[in-house]
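Novice: show me how the following folds:
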Amino acid sequence: MKWLYLTLVFFTPFITAKGQNKKSFNRAKNNVIITDLRSLDRSPEFPGGDEAFYKFLSKNLRWPVRGDIDIEGRVVISFIVEKDGSLTNFKVEKKLWPDMDAEALRVLKKSPKWIPGKQHGKLVRVKYMVPINFTLSDSSE
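Specialist: Sure thing, here's the model as predicted:
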C-alpha cells in the first residue's frame, strides 16, 4: 500500500504537467514580453534613431485646443514593440491632464513601425516607455 501511495505522489506532478502540449508551450514562450532593456542585444528603436523620433513628435504633437490650460509637465506612455515593429498595448503610466494624455496617445499610435528589439539573436516583444514633455514657450522672446 505504501508503494502505491508513493508512486501516486511521485507521478502526479508529471501527469498534470503533461496536459500542456509542446505547441502551446512554445506559443507561450514566444509571447514573453521583455521589460529589462539591459538584457537585450538591441533595444527597440524608432526608424532613424532618437533624432528622427523627436522630429516626429514635434511635427505631430499639438497642444490641446483649450485656451484655459497652461499646464506644463510630462506624460509617460508605455507600449509593446512587437516582433514586427508594430506598437500595441498603449497605456498612460504617468498622467498629466486628460487632454494632454489623449494627445500623447494619439501621436504615438500614429507612429510608424519601429525596429524591434533582439535578444540572443532573436526578435522579441519589448515593453517600452516614452516620456512626452508638454512645455509652454514664451512667445514674447
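Novice: okay, strands next: where are they in this protein?
Specialist: Secondary structure of the chain, counting by DSSP state E: strands at 33-34, 73-81, 87-94, 117-119, 122-134.
Novice: how far does the first one sit from the chain's center?
Specialist: The gap between the average C-alpha position of strand 33-34 and the chain average comes to 8 Å, counting by CA atoms, centre = their mean, to the nearest Å.
Novice: kindly report the same for the fourth one.
Specialist: Centre-to-centre, strand 117-119 and its host chain are 13 Å apart (CA atoms, centre = their mean).
Novice: kindly report the same for the longest one.
Specialist: On the basis of CA atoms, centre = their mean, strand 122-134 is displaced by 5 Å from the centre of the chain it belongs to.
Novice: which other helices and strands contact that strand?
Specialist: When contacts are defined as 3 or more CB pairs under 8 Å, 6 or more residues apart in numbering; DSSP states H and E, strand 122-134 sits against strand 33-34, strand 73-81, helix 98-109, strand 117-119. C-beta coordinates here come from the backbone N, C-alpha and C atoms, glycine included.
Novice: switch the cut-off to 6 Å
Specialist: Taking 3 or more CB pairs under 6 Å, 6 or more residues apart in numbering; DSSP states H and E as contact, the helices and strands that strand 122-134 lies on are strand 33-34, strand 73-81.
Novice: still on that earlier bit, so can I have TSV of the strands of the chain showing mean pLDDT and distance to residue 43?
Specialist: Shown next, in TSV, are the strands of the chain (pLDDT from 0 to 100; distance: least, CB to CB, whole Å):
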stretch	mean pLDDT	distance to residue 43
strand 33-34	92	10
strand 73-81	96	9
strand 87-94	97	14
strand 117-119	96	6
strand 122-134	94	7
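Novice: sorry, back to before: most packed of the helices and strands packed on strand 122-134?
Specialist: Stretch with highest mean neighbour count among the helices and strands packed on strand 122-134: strand 73-81 (a mean of 19; mean count of other CB atoms under 10 Å).
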